[in-house]
Structure formats: C-alpha cells, structure tokens
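> Take this sequence and fold it.
(one chain, ligands or ions: 2)
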Amino acid sequence: MPREIEHDAVFYDLKLPDRDELFQAVREVVQTMKHKHRTVVELQPEEMQALVQAMTGMTLKQARQVLAYAALDDGKLTMGDVDRILHRKTQLIRAGGILDYLPLEDNRVEWGGFANLKQWLARAQVGFSPAAKALNLSPPKGILIVGIQGCGKSLAAKAIAREWKMPLLKLDAGRLYDKYVGESEKNFRKAISLAESMSPAVLWIDEIEKSLGATGTDTDGGLSRRLFGSFLTWMQEKSQEVFVVATANDISQIPPELLRKGRFDEIFYVDLPDLQERGAILRIHLTLHKQDPRDFDLPTLLQVTEGYSGAEIEQAVIAALYRALYLEKPLDTDLLVQEIQGMIPLSVSRKEHLHQLRTLAQDRFINTR
Ligand SMILES: Nc1ncnc2c1ncn2[C@@H]1O[C@H](COP(=O)(O)OP(=O)(O)OP(=O)(O)O)[C@@H](O)[C@H]1O
Ligand SMILES: [Mg+2]
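Ligands and ions are numbered 1, 2, ... in the order given. Predicted coordinates for the structure are as follows:
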C-alpha cells in the first residue's frame, strides 16, 4: 500500500465462503443445470449437505465450476460426484502450494502402540461434542509430539485425523517462506483461513522447529519470528475446530514460548517402541505385504528388534522381502533376523542424541505409551 493512501485504506480479510454461502451457490447451480441443461439431479437434502461439505475450502467460483463440470460430464448430479469434487479439491489445495490435503476417504493409516496418546485423544474428542459446546467448553487446540526419527510422529498425525474422521491438512512450512516481503505472512493467513473453512479439520505442522520455531536467527529480517508470533496468536485465539498436530525431532530448537502451558493442550514424547508395540508394528507390516505373522517366530524377532524404531522395522521387513524374492524362496524368520542384525539402528549410531532427548523429555512431557 503506498504510504500516501495507507491511512485512508481499510483492511479487510476476505474469508473463504462458509457452508451457508456454498449451499446457496450449489442451489443456484443446480437450478440452472436443471432448467438450461436438463441435468438430472438425484440428490436428497442430506446428500446436498455432503456435497457442500466436500466443497468447503474452495472459493465460490471454484465450487460453481466443479459442480458444473460434474453435471455436464454425464448429464447427472449424483452422490457419486462427491468423490470427483474431493479429487478436484485435493488438486486445487496442492496447487495452492502451501497445504497438502489428505481427504478422510483416502486416509487408511494403521498404527500400533501409542496407548497413552490414544487414551488422551479419546478423552479430548468429547471437546468437539455439542454437549461440550453447551457447557461453553472450547474444543481442544492441539498437541506437540517430539521424538527421534522414525518412531511414528508423522504416522500419529495421520492416525488422529483418521480416528476423529476429519480431513488432514499438512502445512508445508518450507513453502511458507516467499522471497517477496510480506508474501510469507499472507501465505500463512491463507493456509489458516483454508483450514478454518474446512473445519473440523486436523492441521499438521511437521518439523515445527525447522520452520516456525527457528527464531534464533535474524538472517531473514525477523520473518520467521513474525510468522512464529502470528502462529502463537492464532493458537491462543482460535475458536474454530482446527486441531493442530505439530511434530518435532529436536526440542533444543523449539522456542520456550511454544512449550509453555496453554499453547498446546499437551506435549507428548515418543520413545523407541517397547516389546508390545514392536509386535504390533511387525504384524502391521508383515500383513501389509501379504505375510501371515503366525508363520514367524515372533519372540525371536521381538528380541532382535530391541532398540529399533518403527521405520527401521518396516525397512527390515521390506529388505528381507527383496532378499526372499531374489533368492526365490519364501520369507522366513532367518531372513528377517539377518536383515535386522545387518542394520545399525539410530539408537546405536545416534546414541548420545537419543540419550539427551530422553533425559530432557522424560520428566517434562507425557510419554505416548
Ligand atoms: N507404531 C507404529 N505402527 C505402525 N507403523 C509404524 C509405527 N511407528 C513407525 N511405523 C512405521 O515407520 C514409518 C516411519 O514413521 P514416521 O514417518 O511416522 O516417523 P517420524 O517419527 O515422523 O519420523 P521423522 O522424524 O523421520 O519424520 C511409518 O511409515 C510406519 O510405517
Ligand atoms: Mg515425520
């Protein structure tokens, strides 16, 4: 804004259309389609709601367009078009460049272990209920999950969205940063507005210490600090049902303001999987690759995977399957054990780092299991 007219200008943040506006737009398009193009509309009132729900996060123009396309393509508007709208929305959000979108319909994640976290989530979920609203309770804000690589932090973010039947929006924090001054903050506001228009939704901020948390440096003219400030303010004030799942590998990089009580509802710490959890992970990944877990000597496998992360166990299963295919024989316990023992897990190669993280986190944060 040129300085001469700055104080005469009124700033107004245009939000994305809400459900009522979208509903109105859908009705208009449906009317036009019926009369002008003889489209057959086979939608019950509750199906109209599903259609509108699928369109949240789109602009009115995008919503009208996608609906018109869906109708003209086969001369019909049916429940089957919801999928097409979701698909188009995924493309539009990705093309926007800041958020990635995982519709609930495509989220098929499975997670083992995490008993404490699961229990916490079950309790927190009541915060979204009408009963909680009636008591003037605000919905849960979000959690931070810290822990070493490959222990299932990203997996947890997806699983929470799945468990709560919400769409997942992943903030690509790296792409928030724009070379033009002011654009980054605009990008951030855009992302937030999109998430809010799609609420209830899970907003996942991966590796928050690398993006919003990097407040130690002044090399970017304080930009990351300002973004971080905007984020904190938004967290504090948000009333929409946008649940933030932030993950971090390195707590020493996280500014203390973020760890203070009241920012996140809870901070969780993920350690290496214990015996039971390793069993669950092994079963999930064996089954995923069409192996029957009962064909393997589980106690031996549990013993040799001590100190291995979920990602490492998954990697061992895949590598062993490759070997089995190459050797033209079925996968067995021996092949798995060889792969496992041939690996050097992070708990060995980065022993000091793990120890440091553990001592820092253990008495400050809640263990996920
Ligand atoms: N509890 C678990 N149940 C099932 N699979 C798991 C579990 N933990 C880890 N895995 C497997 O390990 C892989 C890596 O986990 P994930 O990407 O969630 O780790 P991360 O903690 O986000 O790691 P990073 O810090 O590298 O991002 C997952 O894709 C999953 O297949
Ligand atoms: Mg991750």
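> buried residues in the host helix or strand of Leu227?
Assigned by DSSP states H and E, Leu227 falls within helix 223-237. Within helix 223-237, the residues that qualify as buried by neighbour count (16 or more other CB atoms under 10 Å) are 223-225, 227-228, 230-232, 234-235. Just so you know, the C-beta spots here come from the backbone N, C-alpha and C atoms, and that holds for glycine as well.
> residue boundaries of the helices in the stretch 251-369 of the chain?
256-259, 275-288, 298-304, 310-327, 333-342, 346-349, 351-362 (DSSP state H, counting those that start in this stretch).
> Out of these, which gets nearest to ligand 1?
The closest of these to ligand 1 is helix 310-327. By CB to the nearest ligand atom, the value is 2.1 Å.
> helices or strands up against the closest one?
Judged by 3 or more CB pairs under 8 Å, 6 or more residues apart in numbering; DSSP states H and E, helix 310-327 is in contact with helix 275-288, helix 333-342.
> okay if I get those helices as TSV plus mean pLDDT and mean neighbour count?
Rendered in TSV, the data for the helices and strands packed on helix 310-327 read as follows (pLDDT from 0 to 100; neighbours: other CB atoms under 10 Å):
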stretch	mean pLDDT	mean neighbour count
helix 275-288	94	19
helix 333-342	96	17
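> Among these, which comes closest to His87?
Using CB to CB as the measure, helix 275-288 is the one of these that comes nearest His87, at 24.7 Å.
> ok, the closest one near ligand 1 or not?
Yes. Contact of helix 275-288 with ligand 1 (CB under 6 Å from any ligand atom) involves 277, 281, 284.
> In contact with the second one, which residues?
Right, Ile281. Counting by CB atoms under 8 Å, 6 or more residues apart in numbering, Ile281 makes contact with 112-113, 273, 310, 313-314.
> now do Thr39
Going by CB under 8 Å, 6+ apart, Thr39 touches 30, 33, 71-72, 75-77.
> where's Glu207 relative to ligand 1, distance?
In this view, Glu207 and ligand 1 are 7 Å apart by CB to the nearest ligand atom, to the nearest Å.
> And for Asp363?
21 Å.
> same deal with Ile85?
Taken as CB to the nearest ligand atom, the span from Ile85 to ligand 1 is 29 Å.
> Compute the number of surrounding residues for that residue.
22 (other CB atoms under 10 Å).
> from memory Leu137 sits against Ser129, does it?
No. Applying CB atoms under 8 Å as the test, Leu137 and Ser129 come out as separate, 9.1 Å apart.
> Contacts for the worst-scoring helix or strand of the chain on mean pLDDT, please.
In the chain, the helix or strand scored least confidently by mean pLDDT, DSSP states H and E is strand 40-41, which has a mean of 80. Strand 40-41 is contacted from outside by 30, 33-34, 71, 75-77, using CB under 8 Å, 6+ apart.
> How about stretch 191-199?
With contacts defined as CB under 8 Å, 6+ apart, stretch 191-199 is touched by 13, 15-18, 56-57, 93, 96, 98-99, 167, 169, 171, 176, 201, 203, 234, 238, 240-242.
> Helices of the stretch 101-250 of the chain, residue ranges please.
Assigned by DSSP H, counting those that start in this stretch, the helices in the stretch 101-250 of the chain fall at 115-124, 130-134, 153-163, 183-197, 223-237.
> Noted, bye for now.
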